[in-house]
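> The following comprises the amino acid sequence and a computationally predicted model.
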Amino acid sequence: MLDQLFVHATRGLLTLPGRMLPPALNAWVGLLLPIAAIAALAPAVMMYLTWLERKIIARMQNRLGPNRVGLFGLTQPLADGVKMLIKEDIVPAGADRLLHVIAPVTALLPAILLFAVLPVGRNMAAVDLNVGALYILAVSSISSLAVFMGGWASRNKFSVLGAMRAVAQIISYEVPSVLSVVAVIMVTGSLSLVAVVNAQAEGWFIATPWGAVAALTFFLSGIAEVNRTPFDMPEAESELVAGFHTEYSGMKFALWYMAEFLEAFAVCAFTTTLFLGGWQGPAWPVWPWCLAAALVLASARTLAGPLRLLGLLGCAWAAVALRSEVVPSWAWFLLKTYALVFVLVWLRGTFPRLRADQLMGFAWKFLLPLALVNIIAAGCWSVWPGLRGSLIALGLLVGSAWALIRVNAPASEQRRTYVLVE
Amino acid sequence: MIGVGVLKGMAVTLRQFVGTYPAGRVLLKALHLPEGNGIFTISYPETKQQHAERFRYFPFLVYDATPDNLRCVACRICEQECPPQCIHITMAKDEQNRPLKANGRTFPAQFDIDVSICMSCRICVDVCPFEAIEMDNRHEIATHARGPELLFDKTELLRSAEYFQQIKPTEAAVVNQRLVAKAAKSQPPKPAAASTPPAA
Ligand code: SF4
Ligand code: SF4
């Protein structure tokens, strides 16, 4: 019921004007409705991603984060939006005006377009494209063009440097990211994302050896492609002011930001879709485990009283909820995606920026060979179903990962000793 | 083992994250993990930080007992020494341009400090021979403009010796000692009243 809420709502909306409108128009409404939904939700999602990120990062640094505008700072994104809108829009002297204007738009468009093929829930994809996986790979790579356009048009050395770094990085990381998707396509035998999600009904791909490696490869190269923190060389504040968007201000800057956050969200959403079962709940029956956990928690003497009670209630609730499948499919999807968003922010809160050579080395010397081996592993896994295939795939992957680490290990560092003369 | 450092780093940030929530602290305690520092943000206007005693912002003028009993004699040493030149003093004079006196001392008719310029260096305090000027710890003086609102005049700068005693007990004790020693030194040749020679 709740599961298909939005599907029914759409259908209702479509039949309602269907009685009044001519049938030709009705088709247009059916087309425009998902577009409107995505176009309206994208900015909202992005705004609250910024809020979420600031909150989580703040907590990791033992701060409170935005807490003044509205309850828990919940209207902070709106205030930021207004601030961005009323700021002066500066185009630097000597800049290529046209490119400078259209670059952020070109960056934002593919980021929004990505969501068109995203299966958000059961029967909930705006379009079930039969080449969905190809579509996301193709569309997401447009952003490198936009980034270079913006950097070049700004006529600023920092912008160009940032843009060049961005292009090098995005192109490098595109390769392992595509190769990790190849494994999924091989196993499911379809490029449609809906089919990929359906194929994970018996088990999420991340639970298989090749799936785990592919998921890691895809997620990490995704983070690198959207220039997020451990891989944010193109925007390295300490070296490049702000990288390719140095010369952007006001709403154009906001558009860059929006593109970046939406792409980050898309990386999480597509990792969920491809490897974490999309909108599918856990494949194995969870409720017995929840009940068991509830019993264990309730009888744990070492825990504090209120904690035991809370745990018991929580687990019991989870058992009931999961048994009767009251958790709708889109909620599963959002849950998993936001968990990945948390991981994204968590990485940002933990790691310093990589050096340029480390960044490239990681893509070309580690992720790329591993992704190639992973394709073979996925092949083995699907040729020999059952434990045997899994073991072979596991052995292959562990062996090659070990070999790669050995090969890439830095030559033993020889400490120089300085002898002071007299 | 490669990658362990990465996971360890992530565990640290996660623990700090969880430790900022009361429930999270309970959880960490139950798991026998260190609880992290917890939130150390001070929600400023509601709760205020306890300043160190030596915190200083801009100077104030000290008076003893009553506000007209200023210690300042308008010698203008501080005005000359102030690096950004933010002190402006005029001595109180009568029509014949002779210094006026109150309580046996000359005194300033006007004593302005532009606190938007003051750089909190405390040089004025160090050079004043009469312990007449001390550093205040008031700091919530934000205004909407830089102009006259931040040009503090004598009445705004006046603070009692008790106030000084109250905000900076240690410093005040040292100053009082010096004042007592000075008084003892100038006591014996009482009739001379060396510091302020009789006006012409
Ligand atoms: S603290 Fe320094 S800057 Fe401020 S009034 Fe005194 S001498 Fe001038
Ligand atoms: S505050 Fe001190 S140095 Fe400044 S004019 Fe008064 S007595 Fe002289």
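Great, that's in hand. Ligands and ions are numbered 1, 2, ... in the order given.

> gap between A:L255 and ligand 2?
57 Å (CB to the nearest ligand atom, to the nearest Å). All C-beta atoms are positioned from the backbone trio N, CA, C, and that covers glycine.

> May I ask which helix or strand encompasses that residue?
Using DSSP states H and E, A:L255 sits in helix A:250-275.

> do the same with B:L28
B:L28 belongs to helix B:22-30, assigned by DSSP H and E.

> any residue of the helix or strand just after that helix up close to ligand 1?
Sequence-wise, the next helix or strand downstream of helix B:22-30 (DSSP H and E) is strand B:59-63. Yes. Using CB under 6 Å from any ligand atom, we find that strand B:59-63 touches ligand 1 at B:P59.

> buried set for stretch B:158-174?
Of all the residues in stretch B:158-174, those buried under the rule 16 or more other CB atoms under 10 Å in any protein chain shown are B:L158, B:R159, B:S160, B:A161, B:Y163, B:F164, B:I167, B:K168, B:E171, B:A172.

> Count the neighbours of residue 26 for me.
Answering for chain A, as no chain was given. By the criterion of other CB atoms under 10 Å in any protein chain shown, A:N26 has 16 neighbours.

> Please refer instead to chain B.
16.

> hang on, B:I87 packs against B:A74?
No. Using CB atoms under 8 Å, B:I87 is not in contact with B:A74; the gap is 11.1 Å.

> which neighbours do the two share?
Both B:I87 and B:A74 are contacted by B:F111, under the criterion CB atoms under 8 Å, 6 or more residues apart in numbering or on different chains.

> so after the strand or helix carrying B:C124, what's the next helix or strand?
Following DSSP H and E, one finds B:C124 within helix B:123-127. Downstream of helix B:123-127, the next assigned helix or strand under DSSP H and E is strand B:133-135.

> now the helix or strand following that next one: how far from the chain's centre is it?
Remark: after strand B:133-135, the chain's next helix or strand is strand B:151-152, criterion DSSP H and E. On the basis of CA atoms, centre = their mean, to the nearest Å, strand B:151-152 sits 15 Å off its chain's mean C-alpha point.

> what sits up against strand B:151-152?
B:F58, B:D112, B:I113, B:D114, B:V115, B:S116.

> let's go with 6 Å and repeat that
B:D112, B:I113, B:D114, B:V115 (CB atoms under 6 Å, 6 or more residues apart in numbering or on different chains).

> go on, stretch A:256-268?
A:42, A:46, A:49, A:104, A:107-108, A:111, A:114, A:222, A:226, A:228, A:245, A:248, A:337, A:340-341.

> care to break chain A down by domain?
A:2-285+A:323-407, A:287-321 (automatic domain parsing).

> Mean pLDDT for those domains - can I get that in CSV?
As requested, the domains of chain A are exported to CSV (pLDDT from 0 to 100):
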stretch, mean pLDDT
domain A:2-285+A:323-407, 83
domain A:287-321, 70
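
> Pick the most buried one from these.
Across the domains of chain A, the average number of neighbours (mean count of other CB atoms under 10 Å in any protein chain shown) peaks for domain A:2-285+A:323-407, which reaches a mean of 19.

> Now the worst-scoring helix or strand of chain B on mean pLDDT - C-alpha only, PDB.
Of all helical and strand segments in chain B, the minimum by mean pLDDT, DSSP states H and E falls on helix B:22-30, at a mean of 79. This file holds the C-alpha atoms of helix B:22-30, laid out as PDB (Å, rounded to 0.1, in the frame of the first residue of the first chain):
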ATOM      1  CA  PRO B  22      24.300  11.800  24.900                       C
ATOM      2  CA  ALA B  23      22.900   8.400  23.800                       C
ATOM      3  CA  GLY B  24      26.100   7.800  21.900                       C
ATOM      4  CA  ARG B  25      28.200   8.400  25.000                       C
ATOM      5  CA  VAL B  26      26.100   5.800  26.800                       C
ATOM      6  CA  LEU B  27      26.700   3.400  24.000                       C
ATOM      7  CA  LEU B  28      30.400   4.000  23.900                       C
ATOM      8  CA  LYS B  29      30.600   3.600  27.700                       C
ATOM      9  CA  ALA B  30      28.700   0.300  27.400                       C
END
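
> For that helix, buried residues please.
By 16+ other CB under 10 Å, the buried positions in helix B:22-30 come out as B:G24, B:V26, B:L27, B:L28.

> roughly how far out does that helix sit from the chain middle?
Mean-position distance between helix B:22-30 and its chain equals 42 Å (CA atoms, centre = their mean).

> can you check stretch A:5-12 too?
27 Å.

> Stretch A:158-169 too?
22 Å.

> For chain B, what lies in contact range of ligand 1?
Near ligand 1, when you scan chain B using CB under 6 Å from any ligand atom, you find B:58-59, B:82-84, B:86-87, B:113, B:118-124.

> One more pass at 5 Å, please.
Counting by CB under 5 Å from any ligand atom, chain B comes close to ligand 1 at B:P59, B:C82, B:C118, B:M119, B:C121, B:I123, B:C124.

> Can you give me the distance of the residue of the stretch 101-250 of chain A found nearest chain B to B:V6?
Per CB to the nearest CB, A:P230 is where the stretch 101-250 of chain A lies closest to chain B, at 9.6 Å. Distance of A:P230 to B:V6, computed by CB to CB, to the nearest Å: 10 Å.

> what does A:L49 give?
Distance of A:L49 to B:V6, given as CB to CB: 24 Å.

> before we move on, what about A:F366?
A:F366 is 13 Å from B:V6, by CB to CB.

> Which secondary structure element is home to the residue nearest to A:I142 when sequence neighbours are not counted?
Leaving aside its sequence neighbours, A:I142 sits nearest to A:P110 (CB to CB, 6 or more residues apart in numbering or on different chains; 4.2 Å). A:P110 is part of helix A:97-113 when elements are defined by DSSP H and E.

> what angle do that helix and helix A:250-275 make?
Helix A:97-113 runs at 30 degrees relative to helix A:250-275, counting by axes from the mean of the first three to the mean of the last three CA atoms, to 10 degrees.

> From the chain's centroid, how far away is helix A:97-113?
For helix A:97-113, the distance to the chain centre is 20 Å (CA atoms, centre = their mean).

> now the helix holding A:L255, how far from the chain's geometric center?
For helix A:250-275, the distance to the chain centre is 7 Å (CA atoms, centre = their mean).

> And stretch B:11-28, by the same measure?
With CA atoms, centre = their mean, you get 39 Å for stretch B:11-28.

> And for that stretch, what's in contact with it?
A:R59, A:M60, A:A304, A:L307, A:G349, A:T350, B:E35, B:G36, B:G38, B:I39.

> Nearest spatial neighbour of the fifth one, chain-adjacent residues omitted?
Distances taken as CB to CB, 6+ apart put A:M60 closest to A:G349, at 3.9 Å, once the chain neighbours are dropped.

> was I right about the one you found contacting A:R348?
No. Proximity of A:M60 to A:R348 does not meet the contact threshold set by CB atoms under 6 Å, at 9.0 Å.

> Now do the contacts for the one residue sitting closest to the centre of chain B.
The centre of chain B sits closest to B:D136, judged by CA atoms, centre = their mean, with a distance of 2.2 Å. By CB under 6 Å, 6+ apart, the contact list for B:D136 reads B:Y57, B:F58, B:F60.
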